[in-house]
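**Q** coords below, sequence missing:
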């Protein structure tokens, strides 16, 4: 079955898929929070990189995405 670009775009940006992505992200954040501070996933999730960053808009991080999701839910 071939899908045209318009159909793929509609599927990608449908509210259901966005809700699924947000719920999966929130579930992963919950699991990482229960792991503890010494586990690798928590260090990667909340870690702060050292060194200089390129100029421009800062990249979104998991922590920022989770805060945005919580603000939308509440």
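**A** Alright, I've got the coordinates. Model, not experiment: these values are computed from the prediction.

**Q** Pass me the low-pLDDT residue ranges in the protein, would you?
**A** Applying pLDDT under 70 to the chain flags residues 1, 3, 43, 46-50, 53-54.

**Q** Quick check: longest helix in it by residues?
**A** Determined from DSSP state H, the single longest helix within the chain is helix 15-35.

**Q** Packing partners of the helix or strand following that one?
**A** Using DSSP states H and E, the helix or strand that directly follows helix 15-35 along the chain is helix 40-46. Secondary-structure packing of helix 40-46 (3 or more CB pairs under 8 Å, 6 or more residues apart in numbering; DSSP states H and E): helix 15-35, helix 62-73. C-beta: built from backbone N, CA, C; applies to glycine.

**Q** And helix 40-46, what's buried?
**A** Neighbour-count burial for helix 40-46, with 16 or more other CB atoms under 10 Å as criterion, is recorded at 42, 45.

**Q** Same question for stretch 18-33.
**A** Of the residues in stretch 18-33, those with enough neighbours to count as buried (16+ other CB under 10 Å) are 22, 29, 32.

**Q** Please verify my assumption that the first one contacts residue 68.
**A** Right, residue 22. No. Using CB atoms under 8 Å, residue 22 and residue 68 do not qualify as a contacting pair, with a distance of 9.3 Å.

**Q** now residue 26: how far from residue 56?
**A** Distance, residue 26 to residue 56, by CB to CB, to the nearest Å: 28 Å.

**Q** ditto for residue 14
**A** Distance from residue 14 to residue 56, by CB to CB: 30 Å.

**Q** So between those two, which is more surrounded?
**A** Between residue 14 and residue 56, counted using other CB atoms under 10 Å, the more crowded position is residue 14 (11 against 6).

**Q** how deep is residue 70 tucked in, by neighbour count?
**A** Using other CB under 10 Å: residue 70 sits among 12 other residues.

**Q** what's the answer for residue 69, then?
**A** Number of residues near residue 69 (other CB under 10 Å) recorded here: 16.
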